[in-house]
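Asker: build me a model from this:
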Amino acid sequence: MDTEEVTQLIESEIEDAQATVTQPRGVHNEDHLAAVVVSPAFEGKPLVQQHQLVYDALGEHMTTDIHALELKTYTPEEYEKQ
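Answerer: Numbers count the residues shown, from 1 in each chain. Prediction:
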């Protein structure tokens, strides 16, 4: 599964999400990915629930196509402060 497919899945399943999906530096396995996801849907949710929204968006791909996912989630306000 390529980074664009993962980006599209996340953005289509999480309200107003903007996702940037890449392969981490130094990792040459296509099933190891990194994602930064920004969405107002994360507002008021603890980090665990934010990550769960992303895992739910990816569904079965988390067990079949994606071996590891380095994940950072932010609300739009949190992301602007970065």
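Asker: where does the most centrally placed residue in the chain fall, secondary structure wise?
Answerer: Nearest residue to the geometric centre of the chain (C-alpha atoms, centre = their mean): A35, 4.4 Å. A35 is part of strand 32-38 when elements are defined by DSSP states H and E.
Asker: likewise K45?
Answerer: Assigned by DSSP H and E, K45 falls outside every helix and strand.
Asker: look at the residue nearest to it when sequence neighbours are not counted and report its pLDDT.
Answerer: Leaving out its chain neighbours, the residue that sits closest to K45 by C-beta to C-beta, 6 or more residues apart in numbering is L53, at 7.6 Å. All C-beta atoms are positioned from the backbone trio N, CA, C, and that covers glycine. On pLDDT, L53 comes in at 98.
Asker: mind checking how far L53 is from G26?
Answerer: 28 Å (C-beta to C-beta, to the nearest Å).
Asker: on that earlier part again, strands paired with the strand holding A35, and their directions?
Answerer: Strand pairing for strand 32-38, determined by DSSP bridges: strand 18-22 (antiparallel), strand 68-74 (parallel).
Asker: so where do the helices sit in the chain?
Answerer: Secondary structure of the chain by DSSP state H: the helices cover 3-13, 47-58, 61-64, 76-80.
Asker: right, I'll call it a day here.
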